[in-house]
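J.: Got a predicted structure here, sequence first:
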Amino acid sequence: MKAFRKYGFYALFALAIVVGVGIAHLSYEGIVVPKSPYILADMDVPSTCSPVGYEPVEVTGRPPEEGEQLMVTCTIPAVYEPYIHYPEGWESNILNPLNPWGQAVKWILYGLLAILLGLLAWRIVRIIRKKRKQGG
């Protein structure tokens with residue numbers, strides 16, 4: 001029981017990280033990717049100004065079936081705007097950064113990150129203080 005008291009926090013912390021990474025991966029693959037804008041890219045034609053690094057199949061002339069669907073996560077140059085494919089209901093989608101709900105989700109996630117980092121820093125400070133108190 002003494003070992004659990006001594007190392008229990010670290011085991012729970014490691015378990016929380018593993019579970020958090022798993023949930024983050026599943027939510028990214030199941031929610032974010034299907035509801036995000038994308039370009040059908042021609043992987044044989046690299047580009048320096050395309051938002052995904054490759055030219056769209058509409059520009060290269062290849063059929064859309066041969067293009068790879070790459071998610072767009074950055075600011076889109078006006079030249080490539082016609083080649084962006086938006087999911088159904090993009091205007092009301094909570095992942096749309098121009099939507100008020102999208103802004104709310106972004107700031108809520110930033111707030112949660114700040115809370116988690118604050119709790120982690122608080123725990124580290126407590127551990128350091130405890131070691132100083134025991135040592136001196």
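T.: Everything's here; your move.
J.: Find the nearest non-adjacent residue to Ala41, please.
T.: Nearest residue to Ala41, sequence neighbours excluded (Cβ to Cβ, 6 or more residues apart in numbering): Tyr54, at 3.9 Å. C-beta coordinates here come from the backbone N, C-alpha and C atoms, glycine included.
J.: Confirm Leu15 sits in a strand?
T.: No: judged by DSSP: H, G, I helix; E, B strand; the rest coil, Leu15 forms no part of a strand; its state is helix.
J.: Tell me where this protein has strands.
T.: Taking DSSP state E, the strands of the chain run over residues 38-46, 54-56, 68-71.
J.: Pull the distance from the shortest one to the chain's centre.
T.: This points to strand 54-56. 23 Å (Cα atoms, centre = their mean, to the nearest Å).
J.: Report the buried residues of it.
T.: Tyr54, Glu55, Pro56 (16 or more other Cβ atoms under 10 Å).
J.: Which other helices and strands does it contact?
T.: The criterion is 3 or more Cβ pairs under 8 Å, 6 or more residues apart in numbering; DSSP states H and E, and the helices and strands that strand 54-56 contacts are strand 38-46.
J.: tell me which residues in the strand it packs on are buried?
T.: Tyr38, Ile39, Leu40, Ala41, Asp42.
J.: can I get those residues in CSV with pLDDT?
T.: Compiled in CSV, the buried residues of strand 38-46 are given as follows (pLDDT from 0 to 100):
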residue, pLDDT
Tyr38, 90
Ile39, 89
Leu40, 90
Ala41, 89
Asp42, 87
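J.: Same list, the residues you listed, but as JSON lines with distance to Val125 please.
T.: Formatted as JSON lines, the entries for the buried residues of strand 38-46 read as follows, by distance: Cβ to Cβ, whole Å:
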{"residue": "Tyr38", "distance to Val125": "44"}
{"residue": "Ile39", "distance to Val125": "46"}
{"residue": "Leu40", "distance to Val125": "50"}
{"residue": "Ala41", "distance to Val125": "47"}
{"residue": "Asp42", "distance to Val125": "52"}
